[in-house]
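Visitor: Build me a model:
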Amino acid sequence: MRSSVVVTTVNYGGCDLLVHSLAHQTMPIDDYEVIVVDEFYEQRKGLLPSPPFVHLPPKIKTDIHDNASGWNTAIAAARGELVCFLIDYCWVYPDWLRDHWEFYHRNPGWSMSGYFDRYQYPPMEEPPIENLFSMFEEWFTDEYAQKYFAANEPLYCERKGGAGIMQHDGKIEMPGEKIYLVNDSIPMKVLRKLNGLDERLNGTYGIIDVDVGIRANLAGHRFCLNPQSVIAR
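Guide: Numbers count the residues shown, from 1 in each chain. Next up, the predicted model:
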């Protein structure tokens, strides 16, 4: 297995963007898996297509996105050589997984980081409880998502501006304190060396990311910013 995408979700409508964009990657479906640790596992059980999705309940029930326990649960089940991090509501472009894998494969000791934009979603109503799979079911087909995101300016763009970014061996190095665990990938062998994420930091916005990024740097791993890798949430 080349790549494992690990996802935590705490929103009742946090699966359809993942399904539409991650089920149709240009990487062959036999080469990747998407492990979703879902706060609404019981309500959505059996609704995520397999392959590539592996649907798991959380080890600890929580309503926070910054959930090291959820990511660790997904990492423990992952079989991929490269682990790519996401949270719910993310939309990724069709070549996203291939780009992360090819960069890592060509550059030993490095993995890829990218931009993370936030967009204003269209108006919507809360779905009835029995329709937990997708609050965006009529809105966000993959084709619609691409057109919508292309036509709307982001509310703000994270990582843009280059603060703290360094040139290194022809690469744009993203230091560990800039890692967000969204649109970042880390080799499984590095995560094992770090013993995963620090679960004492559950709920600490931004600190989990920085902690694992800095510890990865101290273990000798580097992250390269790819300005062409832009995902939306």
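Visitor: quick one: low-confidence parts of the protein?
Guide: 13-14, 65, 119-166, 168 (pLDDT under 70).
Visitor: Quick one: the strands in it, in order.
Guide: Using DSSP state E, the strands found in the chain span residues 3-9, 32-38, 53-56, 82-87, 110-118, 156-158, 166-168, 171-173, 184-187, 222-232.
Visitor: okay, which residue is most central for the chain?
Guide: With distances taken as C-alpha atoms, centre = their mean, L86 lies nearest the centre of the chain, 1.5 Å away.
Visitor: if I look at the nearest residue to that one once chain neighbours are set aside, how far off is V37?
Guide: Distances taken as C-beta to C-beta, 6 or more residues apart in numbering place V7 nearest to L86, at 4.8 Å, with adjacent residues excluded. C-betas here are computed from N, CA, C, even on glycine. The gap separating V7 from V37 is 7 Å, by C-beta to C-beta, to the nearest Å.
Visitor: Need the overlap of contacts for these two.
Guide: Common neighbours of V7 and V37, using C-beta atoms under 8 Å, 6 or more residues apart in numbering, are A74.
Visitor: residue contacts, the residue nearest to I35 when sequence neighbours are not counted?
Guide: Leaving aside its sequence neighbours, I35 sits nearest to A74 (C-beta to C-beta, 6+ apart; 4.2 Å). Counting by C-beta under 8 Å, 6+ apart, A74 makes contact with S4, V6, V7, T8, I35, V36, V37, L56.
Visitor: Repeat that for L56.
Guide: L56 touches I35, V36, V37, D38, Y41, T73, A74, A77, counting by C-beta under 8 Å, 6+ apart.
Visitor: What's the local residue count around the fourth one?
Guide: Each residue near D38 was counted by other C-beta atoms under 10 Å, and the total is 26.
Visitor: Could you do the last one as well?
Guide: Using other C-beta under 10 Å as the criterion, A77 is surrounded by 14 other residues.
Visitor: surely it meets V54?
Guide: Yes - shown here, A77 and V54 form a contact pair, counting by C-beta atoms under 8 Å, at 6.4 Å.
Visitor: hey, what's in contact with both of those two?
Guide: I35.
Visitor: ok so, going back, tell me which of the strands of the chain lies nearest to N202.
Guide: strand 3-9 (10.7 Å; C-beta to C-beta).
Visitor: angle of that closest one against strand 32-38?
Guide: 20 degrees (axes from the mean of the first three to the mean of the last three C-alpha atoms, to 10 degrees).
Visitor: Distance from strand 3-9 to the middle of the chain?
Guide: Distance, stretch centre to chain centre, for strand 3-9: 6 Å (C-alpha atoms, centre = their mean, to the nearest Å).
Visitor: quick revisit: which of the contacts of L56 sits closest to V212?
Guide: A74 (13.8 Å).
Visitor: how many other residues sit next to G70?
Guide: 29.
Visitor: Would you mind confirming that it makes contact with K61?
Guide: No - G70 is beyond contact range of K61, at 10.1 Å (criterion: C-beta under 8 Å).
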